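Trainee: Fold the following.
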Amino acid sequence: MAKQTVNNIKLGAFVLTGLLALIVGLYMIGRDTSIFSNNYKLYARFENSQGLTAGNNIRYSGIQVGTVKKVSILNDTLIEVTMLIEEKMKKFIHHTDLVSISTDGLMGNRIVNITPGKDGSALAKEGDILVTKRAISTDEMLEILDKTNRNIAIVSEGLKTTVEHINSSKALWDILENETLPANITASLNNIRIASANANQMVKDIQGIITDVKEGKGSMGKMLTDTAFAYNLNEAINKIKLAGDNANILAGEISNLSLSVKKDINEGKGPANAILKDSALVLKLNNSLNNIEKGAAGFNENMEALKSNFLFKGYFRRLEKQKKEAEKKKPQKKTD
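Mentor: So this is what the prediction gives:
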């Protein structure tokens with residue numbers, strides 16, 4: 001009886017151990033911990049685990065390569081994820097591959113995605129910490145979507161108001177229904193095109209003028225580039241300035257002379273007053289001029305009489321001969 005009891009206890013313990021082993025095995029298989037394959041550990045650190053838990057899947061370029069072993073808090077801003085990766089992935093996963101947390105489908109479990117890097121860095125070894133990138137969480141996506149929906153509602157309301165204003169605007173519809181408007185717009189565009197072409201040509205002409213001036217061509221170019229011309233121009237300006245100064249001095253002297261003459265005339269002094277105001281003096285001057293004219297006429301008659309006198313004929317003939325010889329010796333002027 002006692003032996004039967006011991007056997008029953010042994011059988012019960014064996015069955016219980018088997019059940020526990022079966023439960024643990026099913027649990028591990030359900031958690032996909034790859035208990036039947038060799039694994040190695042890699043680490044990734046995030047600011048937020050976004051609901052990631054131990055047992056979640058790890059995918060490399062969309063392929064299942066391992067599971068999350070543990071999620072632990074290092075400090076108040078950093079969370080470390082321990083990843084069990086299949087041994088065969090050692091020749092594919094590099095040290096700079098990017099690790100991110102995403103969702104399996106739209107509303108599925110959290111998973112860890114490993115994205116291959118493009119820089120050809122060294123392969124990741126046991127215990128390496130991979131580079132992470134922050135992924136947008138579902139909550140953040142929902143918040144952004146909510147803001148977008150509110151913005152769309154505001155825009156939709158504005159569009160509705162705008163359409164109502166357009167529908168109620170008679171002037172706008174008159175413009176849209178005007179059949180001559182397209183032709184007028186086309187003509188205006190043609191005029192703008194012609195004006196633009198003319199403006200371009202004018203700019204080219206101005207550029208050509210500026211180029212010629214820089215190269216010293218033309219009057220303007222010589223004025224700006226010829227140093228001798230600038231010197232001569234400066235000299236001419238100085239001479240003009242000097243002539244102006246002399247003109248000012250001469251004008252002052254003429255003004256003083258006129259004032260002096262005016263003073264002599266007004267005060268009855270000097271010859272000017274006598275000539276302009278003394279009528280007797282004027283008559284005397286006229287008589288003197290007449291006498292001089294008569295004397296000059298008599299002198300001319302006497303000279304003609306002397307030419308006929310035999311004593312002076314030889315003298316006057318020699319004078320005429322010398323005059324003719326002098327005229328012959330003069331160089332003849334060329335006529336065009």
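Trainee: can you give me the helices in the chain?
Mentor: Counting by DSSP state H, the chain has helices at residues 2-30, 138-168, 170-177, 181-214, 218-225, 227-267, 270-277, 279-308, 313-329.
Trainee: Torsion angles phi and psi at residue 53?
Mentor: Main-chain dihedrals, residue 53, degrees, to the nearest 10: phi -130, psi 170.
Trainee: And residue 249, how far from residue 240?
Mentor: Separation of residue 249 from residue 240 (Cβ to Cβ, to the nearest Å) stands at 15 Å. Backbone N, C-alpha and C define where each C-beta goes, glycine included.
Trainee: try residue 39
Mentor: Taken as Cβ to Cβ, the span from residue 39 to residue 240 is 105 Å.
Trainee: Could you check which of the two is surrounded by more residues?
Mentor: residue 39 (19 against 10; other Cβ atoms under 10 Å).
Trainee: what pairs with that one across the strands?
Mentor: residue 86 (DSSP bridges).
Trainee: roughly how far apart are it and residue 110?
Mentor: Distance from residue 39 to residue 110, by Cβ to Cβ: 20 Å.
Trainee: Just name the shakiest helix or strand of the protein by mean pLDDT.
Mentor: helix 270-277 (a mean of 60; mean pLDDT, DSSP states H and E).
Trainee: can you tell me how far residue 126 sits from residue 90?
Mentor: Look at residue 126 and residue 90: by Cβ to Cβ, they are 9 Å apart.
Trainee: Return the set of buried residues in the longest strand seen in the chain.
Mentor: The single longest strand within the chain, with elements called by DSSP state E, is strand 63-75. Buried residues in strand 63-75, counting neighbours by 16 or more other Cβ atoms under 10 Å, are found at 65-69, 71.
Trainee: Pull the residues that contact it.
Mentor: Identification of contacts with strand 63-75 by Cβ atoms under 8 Å, 6 or more residues apart in numbering yields 31-34, 39, 41, 45, 49, 52-59, 79-86, 89, 93, 112, 114.
Trainee: rewinding a little: now for residue 126 and residue 90: what residues contact both?
Mentor: Here residue 126 and residue 90 have residue 40 as joint contacts, going by Cβ under 8 Å, 6+ apart.
Trainee: Between those two, point out the one with more neighbours.
Mentor: residue 90 (15 against 10).
Trainee: In terms of pLDDT, where does that one sit?
Mentor: At residue 90, the pLDDT value in this model is 88.
Trainee: my read: it touches residue 39, true?
Mentor: No. With contact defined as Cβ atoms under 8 Å, residue 90 does not reach residue 39; the gap is 10.5 Å.
Trainee: okay, now residue 40: neighbour count?
Mentor: 18.
Trainee: For it, which non-adjacent residue is spatially closest?
Mentor: residue 126 (4.8 Å; Cβ to Cβ, 6 or more residues apart in numbering).
Trainee: The one you found contacts residue 43, correct?
Mentor: No. Counting by Cβ under 8 Å, residue 126 does not reach residue 43; the two are 10.2 Å apart.
Trainee: quick one on the thing from earlier: would you format the helices of the chain as TSV with distance to residue 103 included?
Mentor: Below are the helices of the chain laid out as TSV (distance: least, Cβ to Cβ, whole Å):
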stretch	distance to residue 103
helix 2-30	20
helix 138-168	6
helix 170-177	50
helix 181-214	55
helix 218-225	76
helix 227-267	83
helix 270-277	124
helix 279-308	133
helix 313-329	129
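Trainee: And those helices, which one averages the lowest pLDDT?
Mentor: Per-stretch mean pLDDT for the helices of the chain is lowest at helix 270-277 (a mean of 60).
Trainee: hey, what's residue 64 bridged with?
Mentor: Beta-bridge partners recorded for residue 64 (DSSP bridges): residue 59.
Trainee: start to end distance for stretch 70-79?
Mentor: 10 Å (Cα to Cα, to the nearest Å).
Trainee: Let me see the mean pLDDT of that stretch.
Mentor: Average pLDDT, stretch 70-79: 90.
Trainee: can you check stretch 118-134 too?
Mentor: Stretch 118-134 carries an average pLDDT of 85.
Trainee: Tell me how many other residues crowd residue 95.
Mentor: Look at residue 95: counted by other Cβ under 10 Å, it has 16 neighbours.
Trainee: what do you get for residue 144?
Mentor: Neighbour count for residue 144, taken as other Cβ under 10 Å: 11.
Trainee: what about it, distance to residue 18?
Mentor: 53 Å.
Trainee: go on, residue 186?
Mentor: From residue 186 to residue 18 the distance is 93 Å (Cβ to Cβ).
Trainee: same deal with residue 257?
Mentor: Distance, residue 257 to residue 18, using Cβ to Cβ: 150 Å.
Trainee: Residue 83 contacts residue 41, doesn't it?
Mentor: Yes. At 6.8 Å, residue 83 counts as touching residue 41 under the criterion of Cβ under 8 Å.
Trainee: Looking at the two, which has the bigger crowd around it?
Mentor: It is residue 83, of residue 83 and residue 41, that has more neighbours when counted by other Cβ under 10 Å, with 23 against 14.
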